[in-house]
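Undergrad: have a look; sequence and predicted model below, questions after that.
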Amino acid sequence: VAERGRCPGCGSAALVEDALYAQQQLVCAACGCVLAEGLLTTTYTDEEHLREVAYSQSTGQKEQLSRCLQRGIRRVQDLCKVLQLPGSFEETAVSYFQRALQLPAFHLVSLEKKELLGGCCVFVTCRQHNWPLTMGTICSLLYAKQELFAGVFLSLQRELGLSVPSLSLADLVKTHLSSFQLFQPSADIPAPFLEDKEKLVARTMGIVELASQAWLVTGRHPVPVVTAAAFLAWQSLQPRARLSCPLARFCRVAGVDLPPPAHLRLRELLDILLGMASQLAWLRGFNLDKKTVVKHVGDLLQHRVFLLRKAFCQEQGEEQCDGAPGQGSPGQGSPGEGTPGQDSSCPLAKKHQREGPLRPLLPPCLIHPRKRLRTPAPSASDSTVTGDEPISDSEIEQYLRSPEEIRAFRKAKAWS
């Protein structure tokens, strides 16, 4: 035991009290040994009565965890400010983050997942308040991969038992089109490319609803569908000046990324529009293709329920080219409308007669299933078994029978 008033390490009596981080400590001035850590006053029972408590038993041990919590809260608050979310959203997201860090499931995860946890809390809060926010938007802000973000999001939803409603297509269309740079005049945007936002959103909504009715949205990422629909809507509003513009240039001028499947979704939408145009009476006299059909998108959307039922059904008969658009439009004929007997002379009608009946209205995965892997051709060793093959020593035991089994076999054979 060291002498009272002396350092137990060097024996020096030069002991001073040093205030480190507002906590008094008794330190040896000769060797720097800390003799006492002072009185730590925190919420623990021993500390409430101003008793000396070791650092490992005090709240100072929780400093590293509190730093992680503080960084996460600041990240959540910064995201809310960037997205311009209301204050109530920020409070809810912070509470979700604090609850999540208290769960054992998030204690041993990687630092990258902990950084994504705050973004997941913001994403959940926006979905619960019907605020249009996509996973791609928040992943771009966090520079994160969507696969990793989706895994953290599902873990948060499962551990906290949260109910997260899905984002509707209408909200997604409005959110995605709000990032387009086609609504304000700019030196980088040609004059024919400018468009009214409300008109573009309304026309895009109609095309997306048509795609949903034609099974082009189910089971697929919605952003390529919305991008293709926005391109068709933009072209149809001023077709004369915009039909020559390709999809890649449209996305480049609009300042949005071109998702790779957008070309496929555009092709599928044009096939649907061509099939519908073949049933519209006043379009049968035109030789429509995938470019010129865009001019008549407004008429096709106006009668889409009737035209879908007429052009795509399970049973296609001779009445495929008969009838006129319904839905409150009898008598809205045009000079190009003819009688059923004259339809066979129309170029579009002849084309569909040559191609046969149109396909049923089914998901594309059922109409064009992916190619299955071919079974390998049988080799020479896999020839037909004849029964004359030699029996190996390891299998001979399976064919030996006891005298009792032989007698039972002969008895059963006699009964048969």
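TA: The structure has been received and is ready for your questions. Numbers count the residues shown, from 1 in each chain.
Undergrad: stretch 200-218: which residues count as buried?
TA: 200-201, 203-211, 213-217 (16 or more other C-beta atoms under 10 Å). Bear in mind the C-beta positions are built from the backbone N, C-alpha and C, glycine included.
Undergrad: tell me which helix or strand comes right after the lowest-mean-pLDDT helix or strand in the chain.
TA: Least confident helix or strand of the chain, by mean pLDDT, DSSP states H and E, is helix 347-355 with a mean of 46. Note on helix 347-355: by DSSP states H and E, the next helix or strand toward the C-terminus is helix 364-367.
Undergrad: now do that next one: distance to the chain's middle.
TA: 21 Å (C-alpha atoms, centre = their mean, to the nearest Å).
Undergrad: kindly format the C-alpha coordinates of that helix as PDB.
TA: Output of helix 364-367 as PDB, limited to C-alpha atoms (Å, rounded to 0.1, in the frame of the first residue of the first chain):
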ATOM      1  CA  PRO A 364     -45.800 -10.500 -71.400                       C
ATOM      2  CA  CYS A 365     -44.000 -13.200 -69.400                       C
ATOM      3  CA  LEU A 366     -46.800 -15.600 -70.400                       C
ATOM      4  CA  ILE A 367     -46.900 -14.500 -74.000                       C
END
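Undergrad: helices and strands around it, which ones?
TA: Judged by 3 or more C-beta pairs under 8 Å, 6 or more residues apart in numbering; DSSP states H and E, helix 364-367 is in contact with no other helix or strand.
Undergrad: buried ones in that helix?
TA: P364.
Undergrad: just after that helix, pick out the following helix or strand.
TA: helix 403-415.
Undergrad: the closest residue to L273 other than its chain neighbours: neighbour count?
TA: Nearest residue to L273, sequence neighbours excluded (C-beta to C-beta, 6 or more residues apart in numbering): V293, at 5.0 Å. By other C-beta atoms under 10 Å, the residues close to V293 number 24.
Undergrad: surely V293 touches A277?
TA: Yes - with contact defined as C-beta atoms under 8 Å, V293 reaches A277; the gap is 5.3 Å.
Undergrad: which neighbours do the two have in common?
TA: Residues touching both V293 and A277 (C-beta atoms under 8 Å, 6 or more residues apart in numbering) are L300.
Undergrad: can you name the two of the buried residues of stretch 200-218 that are farthest apart?
TA: Farthest-apart pair in those is L200 and W215; separation 24.6 Å (C-beta to C-beta).
Undergrad: show me where the stretch 151-300 of the chain has its helices.
TA: Secondary structure of the stretch 151-300 of the chain by DSSP state H, counting those that start in this stretch: the helices cover 169-178, 197-213, 222-237, 239-242, 247-254, 262-277, 297-302.
Undergrad: which of those helices sits most buried?
TA: helix 222-237 (a mean of 24; mean count of other C-beta atoms under 10 Å).
Undergrad: now that helix against helix 247-254, angle please.
TA: 90 degrees (axes from the mean of the first three to the mean of the last three C-alpha atoms, to 10 degrees).
Undergrad: helices and strands around helix 222-237, which ones?
TA: helix 169-178, helix 197-213, helix 247-254, helix 262-277, helix 297-302.
Undergrad: take the last one, keep the C-alpha atoms, and write them as PDB.
TA: Read it as helix 297-302. Extracted in PDB, the C-alpha atoms of helix 297-302 (Å, rounded to 0.1, in the frame of the first residue of the first chain):
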ATOM      1  CA  VAL A 297     -52.400   8.900 -78.300                       C
ATOM      2  CA  GLY A 298     -55.100  11.300 -77.100                       C
ATOM      3  CA  ASP A 299     -57.900   9.600 -79.000                       C
ATOM      4  CA  LEU A 300     -56.600   6.100 -77.900                       C
ATOM      5  CA  LEU A 301     -56.500   7.100 -74.300                       C
ATOM      6  CA  GLN A 302     -60.000   8.600 -74.400                       C
END
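Undergrad: which residues sit against it?
TA: Under C-beta under 8 Å, 6+ apart, the answer for helix 297-302 is 203, 206-207, 210, 232-233, 236, 273, 276-277, 280, 283, 293, 307, 327, 329.
Undergrad: repeat the analysis, applying 6 Å as the threshold.
TA: The contact list for helix 297-302 (C-beta atoms under 6 Å, 6 or more residues apart in numbering) reads G206, S236, L273, M276.
Undergrad: F97 reaches G72, doesn't it?
TA: Yes - counting by C-beta atoms under 6 Å, F97 touches G72, with 5.4 Å between them.
Undergrad: ok, the two, which is more surrounded?
TA: Higher neighbour count among F97 and G72: F97, with 23 against 20, using other C-beta under 10 Å.
Undergrad: list the helices and strands the helix of greatest length in the chain packs on?
TA: Across the chain, the longest stretch assigned as helix under DSSP state H is helix 63-82. Helices and strands touching helix 63-82, by 3 or more C-beta pairs under 6 Å, 6 or more residues apart in numbering; DSSP states H and E, are helix 87-101, helix 111-128.
Undergrad: which one of these is the most hemmed in?
TA: helix 111-128 (a mean of 22).
Undergrad: residues making contact with it?
TA: 72, 75-76, 79, 89, 92-93, 96-97, 100, 133, 138, 142, 144, 149, 152-153, 156, 162, 164-165.
Undergrad: relative to helix 169-178, how tilted is it?
TA: Using the same axes, to 10 degrees: helix 111-128 against helix 169-178 is 120 degrees.
Undergrad: which element follows helix 111-128 toward the C-terminus?
TA: Defined by DSSP H and E, the subsequent element after helix 111-128 is helix 135-142.
Undergrad: and that next one, what's its mean pLDDT?
TA: The pLDDT scores in helix 135-142 average 85.
Undergrad: go on, stretch 208-227?
TA: The model assigns stretch 208-227 a mean pLDDT of 87.
Undergrad: cool, and stretch 361-376?
TA: For stretch 361-376, the mean per-residue pLDDT is 67.
Undergrad: can you check stretch 284-298 too?
TA: On average, the pLDDT along stretch 284-298 is 87.
Undergrad: and what of stretch 264-276?
TA: Averaging pLDDT along stretch 264-276 gives 91.
Undergrad: who's in contact with it?
TA: Residues contacting stretch 264-276 (C-beta under 6 Å, 6+ apart): A214, L216, P224, V225, A228, K290, V293, L300, L307, A311, L358.
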